[in-house]
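Visitor: turn this into a model:
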Amino acid sequence: MAKLNQSQQIIQDLLTELSNYGSQDNEIESQLIFDPEHDHYQLVHVGWRNNRRIYGCVLHLDIKDKKIWIQHNGTQFDIATRLSEMGISKQNIVNGFHSSYMRQFTDFAVS
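Guide: This is a model prediction of the structure:
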């Protein structure tokens, strides 16, 4: 349980940090969506720019079977490496946006 709580906190800290990199445009909001009960975590941008609607998931992480799954990474950052630097074992990080075939060629978990 302590390891789960630690993983949840690291994910929340990372997403909070990344939310500060968002646009300085006051019309676009970075929203943090934390669901620790079901272990879903997202960073979403919502708002308007030049009369055009902006909405999109920037980063989506889940915890499944005691591993952190990176479901979507729309940032310029290597999120798996960043999680590793924050104390998560590489064997507990899955690049879920890659096929299982491609995951075998990384330093991170396949599933």
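Visitor: so which elements touch the top helix by length along the chain?
Guide: In the chain, assigned by DSSP state H, the helix with the most residues is helix 2-19. If contacts are counted by 3 or more Cβ pairs under 8 Å, 6 or more residues apart in numbering; DSSP states H and E, helix 2-19 sits against strand 28-35, strand 40-49, strand 52-64, helix 79-85. C-betas here are computed from N, CA, C, even on glycine.
Visitor: tell me which of those lies nearest to residue 101.
Guide: With Cβ to Cβ as the measure, helix 79-85 is the member of the helices and strands packed on helix 2-19 nearest residue 101 (17.1 Å).
Visitor: for the helices and strands packed on helix 2-19, give me JSON lines that also has mean neighbour count, distance to residue 107 and mean pLDDT.
Guide: Shown next, in JSON lines, are the helices and strands packed on helix 2-19 (neighbours: other Cβ atoms under 10 Å; distance: least, Cβ to Cβ, whole Å; pLDDT from 0 to 100):
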{"stretch": "strand 28-35", "mean neighbour count": "14", "distance to residue 107": "27", "mean pLDDT": "96"}
{"stretch": "strand 40-49", "mean neighbour count": "17", "distance to residue 107": "22", "mean pLDDT": "95"}
{"stretch": "strand 52-64", "mean neighbour count": "15", "distance to residue 107": "18", "mean pLDDT": "97"}
{"stretch": "helix 79-85", "mean neighbour count": "17", "distance to residue 107": "8", "mean pLDDT": "97"}
